[in-house]
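[1] What follows is a predicted structure for the sequence shown.
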Amino acid sequence: MYYICEPYRVQACRSGTPARSADCRSLLGRILIIVSIMVSCLANSTPSWGQKTAGTQDGDKTLAPNHSAQALRKQLEAELAPQRRIYQRAIKALKKGRWTEYKQLTKKLKGYPLFPNLQYSELSGRLHRASNKEVDEFLKVNGDSQLGQRLRYRWLRHLAKRQRWTSFLKFYNEDTQSTELQCHWLSATIKTHRSLPKQKIATLWNVGRSQPKACDFAFKTWVKSGNLTPALAWERHAKSIKNRKLSLARYIAKSMPSADQRLSKLYLEVDAHPTRLSNTQKFRTRKASERKKMNEIILHGFTRYARANSLQAHKIWQRYDSKNLFDQQPRQEMLYTLARRLSQKGHHKEATQLLAQYKTIDNSHLLESLIRESLGRQDWNKVLFWIAKLPKDKQNTERWQYWLARALEQTGVDKKPGPALKSDAIYRKLAMERSFYGFLSADRLKLEYQLQDIPLSVAHDDKIKLVELAGVRRSYEFYRLGDKINANREWYYLANRLDKNDLKTLAALTHDWDWHIKTIQGMASIKYWNDLQMRFPLAYEDELRKAAKATKIKQTLLYAIARQESAFAADARSPAGAMGLMQLMPSTAKQTARSIGMKYRREDLYKPKSNITLGSNYLNQLLKRFNGNRIFAAAAYNAGPYRVSRWLKDSPKSLPIDSWIETIPFKETRGYVQNVLSYSVIYAYRMGDKHSLLTEEEIKSKF
């Protein structure tokens, strides 16, 4: 799945102050804002625009007044289209090496938003022959843009390769996040006879993975100067083992004192064979200096052992624990690890015994796991017991308030007289929320869903002001040209530097442009959840309507899947290789195409019509496999049908459907199903319909 969607709450982007360059105030910026807002702001109005355009072949032109929004937009696009065509010709000439043609074309593009991109492309192509002066001149104008960052990075690598260290230091930016460039900076600092940055080198060296080769010179110089202490070597050695970089751990061990080398061998041995912990004699030491390291080895071994055989690990652990070897914090973490593994394997009695000694358990992840284990067994008293152990802030989340109400209801606790908690009161409060648990709660009380649709308010002048930023105009033009890679780069660069009000305006602009994924991401970054038109657009309406009609799948479900999978980004590609709007794996798409007699080409997965046709048919196959149950089909769409079939087989026959969803083993799939069901409700509202979170058939599902 392509991760851009939020389960209803998403972390905000960093805020900053936008840097404005001289060309930000170009009149062309005003043209672009008119293009972007005509449909939403000027529909059926009579504008009196007297604004002039810039950078056209025929000189300045004044926009005619009294046009409809659609006609005015067409006129504005007509003004920009010639420049786009010239730009595309210039790019082609540059790639073909037709320099005379290229120079002639660029003269016509000085006011065009993507003119800096031409300069960047031209300079990048001959970087090996470029001078400091040329690069410096480009960076003076564009240094605060993503293009400037990219050129600086490439130029610094070029300078390092040629060991031009003085120039390197001149162009280096201390804010760089590149480990390679940081290490080149260390080399430049050392080779230009500046003081050795010992702490900086130590920080880069002491990580649980291998660093780039660019770091070798600085590391060797640092080691030769006597800065690698036994304690530091042991620390990185341990990080490497825990990070599964065992070759690196063995390499580091060579630089250790002989006593630590012996302990290193034991560390690696217990990592590979944790059952060796049964021989307690092997892990004894009389040397106080070795006790801490030996304890670290033992605890790591038990972490590995608990994964392989939690019950046996628990038995052996008791022998070590009885000797009071461990400090309170690492001991408690080990108990949590054992308890979690025991619970996962069904050894609930042993898990509870381990945790009984703690009045307060400060591991929410473990407690949530135990609650789900109890839900899977329908042990409602244990659900109440473990929820009560959660920290207050966790107890008060919608998720655990819902399950508290369910447990109170099932155990009859809320029917007892007195001021005890009442399930109905909890449901009523949750039902005010637009969320999965809010919708579930409303259903239990037979209440109407609360959609809370409150449009975002953005001032027209704020849009005009923001679009004057060069980065906004570049992002827009790249998007209009279909260059999604560069459009995304510009957007992300902006989003990490704009303040909250400008981010709000940027989200409104991308909505006007029908750039849905950026609107959704932008709304998440400012944590504005209540504009349902912007967050849940009716994108690709014709294609989805036709797919719904052909497959007999509700259009709301198709919308929910597409929204969750890609936020309507037709060019989306997940790390696993899923492609397009409905995020299909090529193998799945090929098989689906064959089953419906459709011609398959991998590149067509980036075409909305083809992707929606294949995605809807694949979803239809899953619905048929799971008897029309959207819950199981959605889970299968995310995690695969074989896993879902196995989960269903392993589930108790009497398990309620809400409990089944909550106990889905994969956190990702659990959130995915909850989102798809909730988004279906929201899309029904957007399309003027009503839709229950769960159907009667789904509520009565049997496993």
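    Now that the structure is in, tell me what you want to look at. Numbers count the residues shown, from 1 in each chain.

[2] Please name the residues that touch residue 240.
    Taking Cβ atoms under 8 Å, 6 or more residues apart in numbering, we find residue 240 in contact with 208, 209, 246, 248, 249, 252. For glycine as for every other residue, the C-beta is placed from the backbone atoms N, C-alpha and C.

[3] what do you get for residue 487?
    With Cβ under 8 Å, 6+ apart, residue 487 has these contacts: 475, 476, 478, 479, 515.

[4] before we move on, the earlier item: report the buried members of the contacts of residue 240.
    The neighbour count (16 or more other Cβ atoms under 10 Å) marks 208, 248, 249, 252 as buried among those.

[5] Mind checking which of those residues are in strands?
    Among the buried ones among the contacts of residue 240, none falls in strands (DSSP state E).

[6] Between these, which sits nearest residue 432?
    Nearest to residue 432 among the buried ones among the contacts of residue 240 is residue 208, at 46.2 Å by Cβ to Cβ.

[7] Next, give phi and psi for the closest one.
    Torsion angles at residue 208 (phi, psi; degrees, to the nearest 10) stand at phi -90, psi 40.

[8] State the pLDDT value of residue 43.
    The model reports residue 43 with a pLDDT of 32.

[9] Now do the host helix or strand of residue 505: which elements does it pack against?
    If you go by DSSP states H and E, residue 505 is part of helix 500-512. When contacts are defined as 3 or more Cβ pairs under 8 Å, 6 or more residues apart in numbering; DSSP states H and E, helix 500-512 sits against helix 27-41, helix 460-467, helix 470-480, helix 484-495, helix 516-525, helix 532-535.

[10] picking up where we left off before, from the contacts of residue 240, pick the one nearest residue 496.
    Using Cβ to Cβ, the contacts of residue 240 come closest to residue 496 at residue 209, 25.5 Å.

[11] Okay, domains of the protein per the record?
    Recorded structural domains for the chain (assignment: automatic domain parsing) are 23-185, 541-699.

[12] Does residue 367 touch residue 389 like I think?
    Yes. Between residue 367 and residue 389 there is a contact under Cβ atoms under 8 Å: 5.5 Å.

[13] coming back round to it: so which of the domains of the chain gets nearest residue 299?
    Residue 299 lies closest to domain 541-699 among the domains of the chain, at 25.5 Å (Cβ to Cβ).

[14] For that closest one, what is the distance to the chain centroid?
    How far domain 541-699 lies from its chain's middle: 20 Å, per Cα atoms, centre = their mean, to the nearest Å.

[15] ends of that domain, how far apart?
    From its first residue to its last, domain 541-699 covers 30 Å (Cα to Cα, to the nearest Å).

[16] Save the helices and strands packed on helix 500-512 as a markdown table, and put in distance to residue 596 too.
    Output for the helices and strands packed on helix 500-512, formatted as a markdown table (distance: least, Cβ to Cβ, whole Å):
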| stretch | distance to residue 596 |
| --- | --- |
| helix 27-41 | 36 |
| helix 460-467 | 44 |
| helix 470-480 | 32 |
| helix 484-495 | 28 |
| helix 516-525 | 27 |
| helix 532-535 | 32 |
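
[17] who wins for proximity to residue 547 among these?
    Closest to residue 547 of those is helix 516-525 (Cβ to Cβ; 17.6 Å).

[18] any idea of the mean pLDDT for that closest one?
    Taken as a whole, helix 516-525 has an average pLDDT of 96.

[19] And that helix, what does it pack against?
    helix 484-495, helix 500-512, helix 532-535.
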